[in-house]
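Peer 1: my questions concern the predicted model and sequence given below.
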Amino acid sequence: MSTFATWVVLIATSLLCFAIKLLGHAVPERWLSNARLQRINALIPISLLSALVVAQGFVVRTHVVLDHRAAGLAAALAALFAKAPFPVVVIAAAATSAAIYHLH
Amino acid sequence: MVIRFDKNVRMSKFAKETVRDSLSVALTVGAYGVAFGAAGVAAGFSVLQTCLFSLLTFTGASQFAAVGVVASGGAPLSAVAAATMLGTRNALYGIQMAPLVRVKGLRRLAAAHLTIDESTGVALSQAARGTDAMRAGFWLTGTGVFLFWNLFTLLGALGAKALGSPASWGLDAAVPAAFLGLLWPRLETWFLRSVALASMVFALVITSWLPAGLPIIASASVAILLGWSKR
């Protein structure tokens, strides 16, 4: 991605995310009190974060691959099951992935 | 005199507990900023741009999404759309926080900017200690996370820049692991876990058919479908 495009992403993301926050402080409560809307709104982070896990862990451009990152994610999963704190989860993934990467 | 003294004692007590809650959350969550700083630089953003994300966007999951889509080769529009969709929950937090903070003008803009998972969460958790404690929790946590998140973003970005090749240090696995870490505490019920699993399978299946980045946004359709139909 070009430098220009990265600035576009940064500025557009920042403006839109702030607009959403301000919207919540500005609109009357009943506008967003629809039960279905709230249910969907609660599920969207789960769907997007799930997709991001696999897109970042198992995809190279438009191909599904199994590489060193998968080993890292397996370590992260093990750390989460062991109720490890967030930094431990991330470091476990990085260390495992780097180790597999250098073995190859 | 006795009444005033009594009142002061009670106030300092709630303040101490609220300050402790707020600062512990601010420090723990702020430290995740290291992971974002590293992810931003690994995705090809400069140290300055990565730091501006934390200053201006200031909502962790959206920031990770924006740089994550860029890292996977997605179009700018996909990156912005994924980040914006992840940010929609902040509107619902704002609706809950606005009647609590009750501010106008510039302070309202500040309150809006600090409206995130953690400031809302701590504010709501102080309900038993009264409205003043809730308001204090919101501002203390929001400001605290803002300070630590930005400080640690800078450290992470500088660190990643110094380390060089992302794969060589496992940074390319640290980013999806960070997403997994953000996702994990949300999976409270079997329904939510099945939403997560369905979204993962869906995103992988459509990967070969759509341009990079789009499967992430398309996965929101799983949320819409299941959220629409459930009871």
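Peer 2: Received it, and whenever you're ready, just let me know what you need. Everything quoted here is computed from the prediction, not taken from an experiment.
Peer 1: how much space is there between the residue nearest the centre of chain B and B:Ala203?
Peer 2: Nearest to the mean C-alpha position of chain B, by C-alpha atoms, centre = their mean, lies B:Gly60 at 3.2 Å. Distance, B:Gly60 to B:Ala203, by C-beta to C-beta, to the nearest Å: 20 Å. C-beta: built from backbone N, CA, C; applies to glycine.
Peer 1: rewinding a little: the residue nearest to the centre of chain B touches B:Leu182, doesn't it?
Peer 2: Yes: between B:Gly60 and B:Leu182 there is a contact at 7.2 Å, judged by C-beta atoms under 8 Å.
Peer 1: coming back round to it: ok, the residue nearest to the centre of chain B - contacts?
Peer 2: Shown in contact with B:Gly60 (C-beta atoms under 8 Å, 6 or more residues apart in numbering or on different chains): B:29, B:32, B:36, B:116-117, B:149, B:182.
Peer 1: could you redo the last one with a cut-off of 6 Å?
Peer 2: By C-beta atoms under 6 Å, 6 or more residues apart in numbering or on different chains, B:Gly60 lies in contact with nothing.
Peer 1: count the residues that sit near whichever residue of chain A sits closest to chain B.
Peer 2: Residue of chain A nearest chain B, by C-beta to the nearest C-beta: A:Gly24 (2.0 Å). Residues lying near A:Gly24 (other C-beta atoms under 10 Å in any protein chain shown) number 24.
Peer 1: that one reaches B:Ile95, doesn't it?
Peer 2: Yes: using C-beta atoms under 6 Å, A:Gly24 is in contact with B:Ile95, at 4.9 Å.
Peer 1: in which helix or strand would I find the closest residue to B:Val101 other than its chain neighbours?
Peer 2: Excluding its sequence neighbours, the residue lying closest to B:Val101 (C-beta to C-beta, 6 or more residues apart in numbering or on different chains) is B:Ala111, at 4.8 Å. Assigned by DSSP states H and E, B:Ala111 falls within helix B:105-113.
Peer 1: residue in chain B nearest to chain A?
Peer 2: B:Gly94 (2.0 Å).
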